[in-house]
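S.K.: Turn this into a structure:
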Amino acid sequence: MPTIKDIAKEAGVSFTTVSNVIHGNTKKVSPATIEKIQKIMEEMHYVPNMGARMLVQNQSRIIGVIANDFTEPSRDGIQSPFMAKILGTMEREIRRNGYYMMLCFSESAEEIEKLASTWNVDGILTVSLGTGLSRRLAKKIRVPAVFTDCYFDPQEPYTNVGTEDEQGALEIVRYLHKLGHRDILFISDVSETQLPQAMCDVGRKREEGFLRAMSDAGLGDCEDRILRCGNKREEKEALFRELMKHKGSVTALAFCNDYLAIEAMDYLRHQGICFPEDFSVTGFDDIDMAALVTPRLTTVRQGVGEKGRLAVRRLISLIEKSPDKEKCRRLPVEIVIRESAQKI
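M.R.: Okay, here's the model as predicted:
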């Protein structure tokens, strides 16, 4: 079994340098040296003694990730491609930095708060918990935390990584306007029952982008052009049946996320609806499936993987007591034009 001395000799560096890389103390080690040492460790199949590391550092070397998957609750597993991608990216980045990931899925605020306050972890990441629950969680935990997709008040001290959600929806609806569309519906995954708690969340921000674009186009207050549904299958099918009634009076459907758009297109296609002839369709997120469906989906790219990587890096900085001065970071968006939207 290779030792630290073996790795140091192969890399041409000191024992201490290799030890620092293994233990995550890399402030004085160049990125090139870190990469070289990690590559040699992989080639030599070096396995660090994690128990010894934890004892020496008084750390668990575990990062807890708490997530809420807003897809069909009765089905097992991770259904959302967005969720799968961001969690996969987080896990790789966490492991690359010498930590392990502990994952919990829950919709219960009480369970989430209990877990977060009792876990023996060095830090916590959240995915899709919403601003309200994340704020409650932040007040209870005693370890560094980074939240994703929240809209905290500027004076709040919480660290967040998000997306320019309102701007993304604004730009995609403006794109539809350029194609000649005026009769547009926005399809939201914020249900009527969720709306009071979701005023500062991603879904509502995307709705506000739609409303701004419609207002800028001189179409007035278009709140009644937002259709809502929950994440249960029967709720979605009721929405899809409602969409069919708008054939001929509505020319474009702007969905709040790609997954819902793809589900709707599949359902409606089996009812004889053609895309983009009967409806032009747009999404949001640019998940991998968006480029695989027929027609390929025009959407808003938000950099899901980059969001996951940045959240992990900011948490590691907090754990190592070198935090970023900027509390909230929002990633830019861009329109990805494919085949699902056409000119009038």
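
S.K.: Got the phi and psi for H270?
M.R.: When read as degrees, to the nearest 10, the backbone of H270 gives phi -70, psi -10.

S.K.: pLDDT value on it, please?
M.R.: For H270, the pLDDT comes out at 95.

S.K.: Grab the nearest non-local neighbour of D288.
M.R.: Spatially, and ignoring its direct neighbours in sequence, D288 is nearest to P81 (6.3 Å; Cβ to Cβ, 6 or more residues apart in numbering). For every residue, glycine as well, the C-beta is placed using N, CA and C.

S.K.: Let me see the contact set for the one you found.
M.R.: P81 is in contact with 258-259, 287-289, counting by Cβ atoms under 8 Å, 6 or more residues apart in numbering.

S.K.: Quick check on these: which are buried?
M.R.: By the neighbour-count criterion of 16 or more other Cβ atoms under 10 Å, the contacts of P81 include these buried positions: 258-259, 287, 289.

S.K.: give me the number of residues near S106?
M.R.: Neighbours of S106 under the rule other Cβ atoms under 10 Å: 16.

S.K.: name the element the closest residue to it other than its chain neighbours belongs to?
M.R.: Closest residue to S106 apart from its sequence neighbours, by Cβ to Cβ, 6+ apart: I112 at 5.2 Å. Using DSSP states H and E, I112 sits in helix 109-118.

S.K.: do the same with V281
M.R.: Counting by DSSP H and E, V281 is part of strand 280-282.

S.K.: Pull the contacting residues for the nearest residue to P295 once chain neighbours are set aside.
M.R.: Spatial nearest neighbour of P295, chain neighbours left out: E339 (3.7 Å); criterion: Cβ to Cβ, 6+ apart. Shown in contact with E339 (Cβ under 8 Å, 6+ apart): 276, 295-296, 298.

S.K.: Could you export those residues as JSON lines, including secondary structure, distance to G24 and pLDDT?
M.R.: Output for the contacts of E339, formatted as JSON lines (DSSP: H, G, I helix; E, B strand; the rest coil; distance: Cβ to Cβ, whole Å; pLDDT from 0 to 100):
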{"residue": "P276", "secondary structure": "coil", "distance to G24": "50", "pLDDT": "97"}
{"residue": "P295", "secondary structure": "coil", "distance to G24": "47", "pLDDT": "97"}
{"residue": "R296", "secondary structure": "coil", "distance to G24": "42", "pLDDT": "97"}
{"residue": "T298", "secondary structure": "strand", "distance to G24": "42", "pLDDT": "98"}
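
S.K.: just the buried members of those?
M.R.: Buried by 16+ other Cβ under 10 Å: 276, 295, 298, out of the contacts of E339.

S.K.: my guess is the first one meets Q342, correct?
M.R.: Meaning P276. Yes. Between P276 and Q342 a contact is recorded at 4.4 Å, counting by Cβ atoms under 8 Å.

S.K.: okay, now the residue nearest to S106: neighbour count?
M.R.: 23.

S.K.: Next, give phi and psi for V146.
M.R.: According to degrees, to the nearest 10, V146 has phi -130, psi 130.

S.K.: residue ranges of the strands in the stretch 151-300 of the chain, please?
M.R.: 159-163, 184-188, 226-228, 252-255, 280-282, 299-301 (DSSP state E, counting those that start in this stretch).

S.K.: What segments of the stretch 151-300 of the chain are helices?
M.R.: 165-178, 202-216, 233-244, 258-269 (DSSP state H, counting those that start in this stretch).

S.K.: Is it possible to get TSV of the ones you listed that adds distance to M102?
M.R.: Conversion of the helices of the stretch 151-300 of the chain to TSV gives the following (distance: least, Cβ to Cβ, whole Å):
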stretch	distance to M102
helix 165-178	28
helix 202-216	25
helix 233-244	30
helix 258-269	26
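
S.K.: quick one on the thing from earlier: return the closest of the contacts of P81 with respect to T159.
M.R.: Proximity of the contacts of P81 to T159 (Cβ to Cβ) peaks at I287, which lies at 25.5 Å.

S.K.: Paired strands for the helix or strand hosting V65, with orientation please.
M.R.: Under the criterion of DSSP H and E, V65 resides in strand 62-67. Note on strand 62-67: by DSSP bridges, its sheet partners are strand 100-105 (parallel), strand 123-127 (parallel).

S.K.: rewinding a little: export the contacts of E339 as TSV, with columns for distance to K325.
M.R.: Output for the contacts of E339, formatted as TSV (distance: Cβ to Cβ, whole Å):
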residue	distance to K325
P276	45
P295	45
R296	41
T298	37
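
S.K.: Nearest to G98, out of those residues: which one, please.
M.R.: Among the contacts of E339, and counting by Cβ to Cβ, the member closest to G98 is R296, at 39.5 Å.

S.K.: quick one, what contacts the closest one?
M.R.: R296 neighbours (Cβ under 8 Å, 6+ apart): 290, 338-340.

S.K.: Let's see that with 6 Å instead.
M.R.: Contacts for R296 (Cβ atoms under 6 Å, 6 or more residues apart in numbering) come out as 338-339.

S.K.: Distance check, it against K343.
M.R.: 17 Å (Cβ to Cβ, to the nearest Å).

S.K.: and what of M44?
M.R.: 59 Å.

S.K.: Between the two, tell me which one has more neighbours.
M.R.: Taking other Cβ under 10 Å, M44 and K343 do not tie; M44 has more neighbours (14 against 9).

S.K.: For the nearest residue to that one once chain neighbours are set aside, which three-state class applies?
M.R.: Distances taken as Cβ to Cβ, 6+ apart place P2 nearest to M44, at 4.3 Å, with adjacent residues excluded. State at P2, reduced to three classes by DSSP: H, G, I helix; E, B strand; the rest coil: coil.
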